[in-house]
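**Student:** here you go, sequence then predicted model.
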2 protein chains.
Amino acid sequence: MKEKNASKDTLLIKNVLVEGKTTDIYVDETGTIAEIGEAISRSRRKEADITIDGNGDLALPGMVNTHTHAAMTLLRGYADDMPLQAWLSEKIWPLEAHLTGDDVYWGTKLACLEMIKSGTVAFNDMYFFMEDAARAVDEMGLCAMLSYGFIDLFSEEKREAECRATERLVKALSGMRNPRIKAAVGPHAVYTVSPEGLRWLAEFSENEEIGIHIHLSETEKEVTDSVSQWKKKPVAILDECGILTPRTVAAHCCWLDRAECQILAKKGVHVSHNPASNMKLATGRAMPYHWLKEAGVSVTLGTDGCASNNNLDLFEEMKTAALLQKHAWNSQTLLPAEEALAMATAAGARALGFGTGTLAVGEPAHIILVDSRAVCNTPLHNPASNLVYSCQGSAVKTTIVQGRVLMRDRVVPGEEEILKGATRAATNLVKRARDNTG
Amino acid sequence: MKEKNASKDTLLIKNVLVEGKTTDIYVDETGTIAEIGEAISRSRRKEADITIDGNGDLALPGMVNTHTHAAMTLLRGYADDMPLQAWLSEKIWPLEAHLTGDDVYWGTKLACLEMIKSGTVAFNDMYFFMEDAARAVDEMGLCAMLSYGFIDLFSEEKREAECRATERLVKALSGMRNPRIKAAVGPHAVYTVSPEGLRWLAEFSENEEIGIHIHLSETEKEVTDSVSQWKKKPVAILDECGILTPRTVAAHCCWLDRAECQILAKKGVHVSHNPASNMKLATGRAMPYHWLKEAGVSVTLGTDGCASNNNLDLFEEMKTAALLQKHAWNSQTLLPAEEALAMATAAGARALGFGTGTLAVGEPAHIILVDSRAVCNTPLHNPASNLVYSCQGSAVKTTIVQGRVLMRDRVVPGEEEILKGATRAATNLVKRARDNTG
């Protein structure tokens, strides 16, 4: 029996460049890469239900966004350039207080559309109304790890409610039986979740064998508050509560010290670098990539939500990461193009458990084709350099997830309806918040 | 008599959003904005040779790139992620030693294509074989200020040759009688041009009433070397040599101190901020926008050449600027979206003398239309925010220079030929350099 949402069509991608070689790729009916090589199109031509002529374009593993709040696309451009506390308390939180499940559905649809159009095949999402987010992901065809943002504010009563909400989401997602959609737990951060809450989530996620998605050491205040309240830095708190595991993705990590990087390495934690958000919100320090690399931590890439970025383009994010690391740590050689590309693909896929993020036989066919004749790829001295420093998501022509073609020649079916639905949801959300405040 | 290359067609742009209002724009046969307003299409409909239905898209003044080396598009991705000296001496300079006029022509054609496709209407260029660059600009229809990169390395003999080369270029450009193409002098920097050379250029440019384009305080080494050699910082040297004028564009300016910012303000110098290049080459300090703003300096935006960026997209550069300033100077409110937009349009146009960079009656019609239904503009809470933080150059649908439509619905006539010619030039250039070294 075929799994729900797996591709039913076999797919032949002819004449693409993979690591400098002209190659064909054959994807079987389970959405798995069955063969890669020169001129396999001859033998596979008759079997393939769908044939795409890559026409010399670059084939890469799809991008993986390891930290976002997808439905915040509805807040894109709603408020920027404000002091952090005023931005949160006067703009973002009041709007979020009026969010509905329908809003999250439309916001996540818009986010999925944006990700498909910029070559992202999988993402790690933490927000509210996540059953509605899951419905959007299910329809759009992406892979996602979804978590409910757990915030107990050190109250036992709130904690109980958050535990039940987490359990409900995990049960609901499991009931969808969609292998593209995984559940995770989402402890928001050490300053919003009690140690009891963290311990409960650690145990629950271990029993359920699901991921953990958390914000870590984003701001200096988070670290200094943690030290004054608990006499410990955030990494030590999370470690004691069992949150640091190979199933864990920790976002931001700007203010880690060198010893904390070594603890994360020892525990197998995946770090999500979010350079654009960190710069826009002036967190004051870039994630110490050199220490994480030295310690052997797997570093992945994320955009954060659209209120603090304000897009979901991982091509742009690769460049921002490579530039920020060089600038912040004063090194022209830190985070070269090849590493930025691996961060956005292989490292991300492994962090979320959606394959190895490489083009290899036996891997899920999460494949993107990038226009080799675009201006950004002219001349083509070095594809990795062009992909990271010159191209943007708009150079992606075709996006394939688990063998299913979600975008072909930049056309995503249903785009117009999604843009209209999301615009309507955003407009009504702002209106509700204003009417309520006014 | 009509000027060469001025538009001969009148143009009606219907139904565009300008500062939140639905508007029409009428451009006369000289390429000047003759009328802006609601529903002028009724009266102008019969007069217009060409009508564009803006369909609710955003109309903006075109972007102005105030510091680049356009033909370095041929070096895009040729070498990255290397220590600065090795990058220059092992990769960039050896390749540049084999450049021909034909290479510069094709590299500049490619650069113009890229700029048109990302909404740039004018640029400030410093390089070699600038007559060939001018030929490319003439054909492509953009506005440009072109200067020969003057480098005498403190040798009198070299200086004489550089003076003659400068004179030749200015005469040649003047002979083209193309109002879109202006000459400037291009003293490379205080560490490559003697005080005598600087003084000659200052006087020559004053007599010719042309601009000055220079690199200033890009690296800390430039400043410390200047102090140890001349007992003065670079700004003082340029001031003494007469280089600081309202006709001057000074690029980079990372290592200015507060007093130097005040001198630049007093002299009316325009500064070109090049954030991506500065980060990629790890100059170690971001241009002090807050001090320049406080002093009243006009700050503009540039991409630098493609070897150190590696694209010419000013939308991306606006975002990088707004993010870098916030990060570097620890302020969530520094360089808000509206200021980044003005930097890339009005400030740049004024710096190069191509109008005021605004959409107003009597101004040259340098206009771009940005897709209001693109994902990056959904939802459209705040156009300025979306343009700076969410959109990229690929959201530009139409680019108009002096009333002439250079791109319509993303189609630039002749694109394929330019991509092929530039690819061929780049490939041959690398081959020549390799054969000569090997």
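**Tutor:** Okay, I see it.

**Student:** which residues of the stretch 101-250 of chain A lie near chain B?
**Tutor:** Taking Cβ under 8 Å from any Cβ of the partner chain as the contact definition, the stretch 101-250 of chain A meets chain B at A:110, A:113-114, A:117. Bear in mind the C-beta positions are built from the backbone N, C-alpha and C, glycine included.

**Student:** can I get those residues in CSV with neighbour count, pLDDT and secondary structure?
**Tutor:** Below are those laid out as CSV (neighbours: other Cβ atoms under 10 Å in any protein chain shown; pLDDT from 0 to 100; DSSP: H, G, I helix; E, B strand; the rest coil):
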residue, neighbour count, pLDDT, secondary structure
A:Leu110, 29, 98, helix
A:Leu113, 26, 98, helix
A:Glu114, 27, 98, helix
A:Lys117, 23, 98, helix
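
**Student:** and which of those residues is nearest chain B?
**Tutor:** A:Glu114 (4.7 Å; Cβ to the nearest Cβ).

**Student:** thinking the closest one is in contact with A:Asn309, fair?
**Tutor:** No: contact status for A:Glu114 versus A:Asn309: not in contact, 11.0 Å apart, counting by Cβ atoms under 8 Å.

**Student:** before we move on, back to that, in the residues of the stretch 101-250 of chain A next to chain B, find the pair that's most separated.
**Tutor:** Across these, the two members that end up farthest from each other (Cβ to Cβ) are A:Leu110 and A:Lys117, 10.7 Å apart.

**Student:** find the residues that touch each one of those two.
**Tutor:** When contacts are counted by Cβ atoms under 8 Å, 6 or more residues apart in numbering or on different chains, A:Leu110 and A:Lys117 are jointly contacted by B:Val375.

**Student:** residues contacting A:Pro336?
**Tutor:** Listed by Cβ under 8 Å, 6+ apart, the contact set of A:Pro336 reads A:322, B:80-81.

**Student:** can you rerun that using 7 Å?
**Tutor:** Shown in contact with A:Pro336 (Cβ atoms under 7 Å, 6 or more residues apart in numbering or on different chains): B:Asp81.

**Student:** for A:Glu131, same thing?
**Tutor:** A:169, A:172.

**Student:** what about it, which SS state?
**Tutor:** helix (DSSP: H, G, I helix; E, B strand; the rest coil).

**Student:** tally of neighbours for the residue lying closest to A:Ala79 once chain neighbours are set aside?
**Tutor:** Distances taken as Cβ to Cβ, 6 or more residues apart in numbering or on different chains put A:Lys91 closest to A:Ala79, at 3.6 Å, once the chain neighbours are dropped. Neighbour count for A:Lys91, taken as other Cβ atoms under 10 Å in any protein chain shown: 17.

**Student:** next, the nearest residue to A:Cys143 once chain neighbours are set aside: phi, psi?
**Tutor:** Using Cβ to Cβ, 6+ apart and skipping residues adjacent in sequence, the residue nearest A:Cys143 is A:Ala122, 3.7 Å away. Main-chain torsions, A:Ala122, degrees, to the nearest 10: phi -150, psi 150.

**Student:** quickly note the distance from A:Ala122 to A:Thr345.
**Tutor:** 10 Å (Cβ to Cβ, to the nearest Å).

**Student:** joint contacts of the two?
**Tutor:** Shared contacts of A:Ala122 and A:Thr345, defined by Cβ under 7 Å, 6+ apart, are found at A:Val64.

**Student:** could I get the full set of strands for the stretch 151-300 of chain A?
**Tutor:** A:181-187, A:211-216, A:248-252, A:270-273, A:298-301 (DSSP state E, counting those that start in this stretch).

**Student:** deepest-packed of those, please.
**Tutor:** Ranked by mean neighbour count, the strands of the stretch 151-300 of chain A are led by strand A:270-273 with a mean of 30 (mean count of other Cβ atoms under 10 Å in any protein chain shown).

**Student:** now render the strands of the stretch 151-300 of chain A as CSV, adding distance to A:Ala202 and mean pLDDT.
**Tutor:** Putting those into CSV (distance: least, Cβ to Cβ, whole Å; pLDDT from 0 to 100) gives the following:
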stretch, distance to A:Ala202, mean pLDDT
strand A:181-187, 8, 98
strand A:211-216, 7, 98
strand A:248-252, 9, 98
strand A:270-273, 16, 98
strand A:298-301, 20, 98
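
**Student:** in JSON lines: these, plus distance to A:Val223.
**Tutor:** What follows is the strands of the stretch 151-300 of chain A, written out as JSON lines (distance: least, Cβ to Cβ, whole Å):
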{"stretch": "strand A:181-187", "distance to A:Val223": "17"}
{"stretch": "strand A:211-216", "distance to A:Val223": "10"}
{"stretch": "strand A:248-252", "distance to A:Val223": "11"}
{"stretch": "strand A:270-273", "distance to A:Val223": "16"}
{"stretch": "strand A:298-301", "distance to A:Val223": "19"}
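
**Student:** right, and those strands - which one's nearest B:Thr303?
**Tutor:** Closest to B:Thr303 of these is strand A:298-301 (Cβ to Cβ; 23.4 Å).

**Student:** quick one, the very next helix or strand once past that closest one and helix B:314-328 angle?
**Tutor:** Later in the chain than strand A:298-301, the nearest helix or strand by DSSP states H and E is helix A:314-328. Orientation of helix A:314-328 against helix B:314-328 (axes from the mean of the first three to the mean of the last three Cα atoms, to 10 degrees) gives an angle of 40 degrees.

**Student:** and helix A:314-328 with chain B, contact?
**Tutor:** Yes: using Cβ under 7 Å from any Cβ of the partner chain, we find that helix A:314-328 touches chain B at A:316, A:323-324, A:326-327.

**Student:** most neighbours among these, which one?
**Tutor:** Busiest of the residues of helix A:314-328 next to chain B [other Cβ under 10 Å] is A:Leu323, holding 28 neighbours.

**Student:** show me what contacts the residue nearest to that residue when sequence neighbours are not counted?
**Tutor:** If the residues on either side of it in the chain are set aside, A:Leu323 comes closest to B:Met279, at 3.8 Å by Cβ to Cβ, 6+ apart. Counting by Cβ under 7 Å, 6+ apart, B:Met279 makes contact with A:323-324, A:326-327, B:324.

**Student:** residue in the stretch 151-300 of chain A nearest to chain B?
**Tutor:** Here the stretch 151-300 of chain A gets closest to chain B at one residue, A:Met279, 3.8 Å apart by Cβ to the nearest Cβ.

**Student:** now that residue: how far from B:Ser331?
**Tutor:** 11 Å.
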